[in-house]
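have a look at this fold, sequence not included:
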């Protein structure tokens, strides 16, 4: 398994915010936490490549948003806001090393944080960053490859995976207050504790569930269900509206 990550920008505190208030970010601590995140991936058997192609861009560390990587193809996103589109130039040549690449085109808007793969299904968030045209453009690429595309309304948070990720048994870990659970019919849903609304963003690496260390109740709940857990502190990225999945493009 491979992961692409990107070093945090010294301008991280200047990044876009949608559902969080501005908080002071300790940049040195963010760098330490990012390094620990990469070590966690390596400890799980992942080959990690850390880029520094656009250090001036505040949100560049949230590399997940730039693409969707499947076994057959890498799909370069359009990004839902113009402020982040400069990130794509640095990511595209890296993706070409691993996969044939296709590009989505504006005006369709789509970000990778809105794409949750569960088997041969791609759950796609209809959010502030991904629109119906983006969903349709993605479907035109992946449906001929035998993937199903299932739109999910996301009224309460930035991306689908902020509030919905998959566990090793196919259960979806969710914050039902931030998405439309009716759009997830057919899946077993496991709600996060109400006091940890950001806890649903976990990263699945093989059978290991990686959880932000700040979400202790969520981690305890998952451990009681028998999942293998790894944790890492991500407090500084949470201030920037990021979490476990946001910091890597993970693919086989």
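That came through fine. From a predicted model like this one, the values you see are computed outputs, not experimental measurements. Residues are numbered from 1 along each chain as shown.

buried set for the longest helix along the chain?
In the chain, assigned by DSSP state H, the helix with the most residues is helix 27-43. For helix 27-43, burial by neighbour count (16 or more other CB atoms under 10 Å) applies to 30-31, 33-34, 37-38, 40-41. Just so you know, the C-beta spots here come from the backbone N, C-alpha and C atoms, and that holds for glycine as well.

so the helix or strand following it versus helix 27-43, what angle?
Remark: after helix 27-43, the chain's next helix or strand is strand 47-51, criterion DSSP states H and E. Put simply, strand 47-51 runs at 150 degrees to helix 27-43, going by axes from the mean of the first three to the mean of the last three CA atoms, to 10 degrees.

low-scoring stretches of this structure, by residue?
Applying pLDDT under 70 to the chain flags the ranges 22.

redo that, cut-off 90
12-23, 185-186, 206-207, 241, 252 (pLDDT under 90).

and the helices in the stretch 151-252 of the chain?
160-163, 216-224, 235-238 (DSSP state H, counting those that start in this stretch).

and which of the buried residues of helix 27-43 is nearest to residue 82?
residue 30 (24.5 Å; CB to CB).

all the strands of the stretch 101-250 of the chain, residue numbers only.
101-103, 115-118, 121-126, 148-153, 164-166, 172-174, 189-191, 203-205, 208-212, 228-232, 249-251 (DSSP state E, counting those that start in this stretch).

with mean neighbour count added, can I get those strands in JSON lines?
Converted to JSON lines, the strands of the stretch 101-250 of the chain look like this (neighbours: other CB atoms under 10 Å):
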{"stretch": "strand 101-103", "mean neighbour count": "15"}
{"stretch": "strand 115-118", "mean neighbour count": "20"}
{"stretch": "strand 121-126", "mean neighbour count": "23"}
{"stretch": "strand 148-153", "mean neighbour count": "17"}
{"stretch": "strand 164-166", "mean neighbour count": "24"}
{"stretch": "strand 172-174", "mean neighbour count": "22"}
{"stretch": "strand 189-191", "mean neighbour count": "15"}
{"stretch": "strand 203-205", "mean neighbour count": "22"}
{"stretch": "strand 208-212", "mean neighbour count": "24"}
{"stretch": "strand 228-232", "mean neighbour count": "17"}
{"stretch": "strand 249-251", "mean neighbour count": "21"}
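
just put the ones you listed in TSV and tack on distance to residue 71.
Shown next, in TSV, are the strands of the stretch 101-250 of the chain (distance: least, CB to CB, whole Å):
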stretch	distance to residue 71
strand 101-103	14
strand 115-118	10
strand 121-126	13
strand 148-153	15
strand 164-166	17
strand 172-174	22
strand 189-191	27
strand 203-205	16
strand 208-212	20
strand 228-232	24
strand 249-251	8
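
to residue 80, which of these lies closest?
Closest approach to residue 80 among the strands of the stretch 101-250 of the chain (CB to CB): strand 121-126, 10.4 Å.
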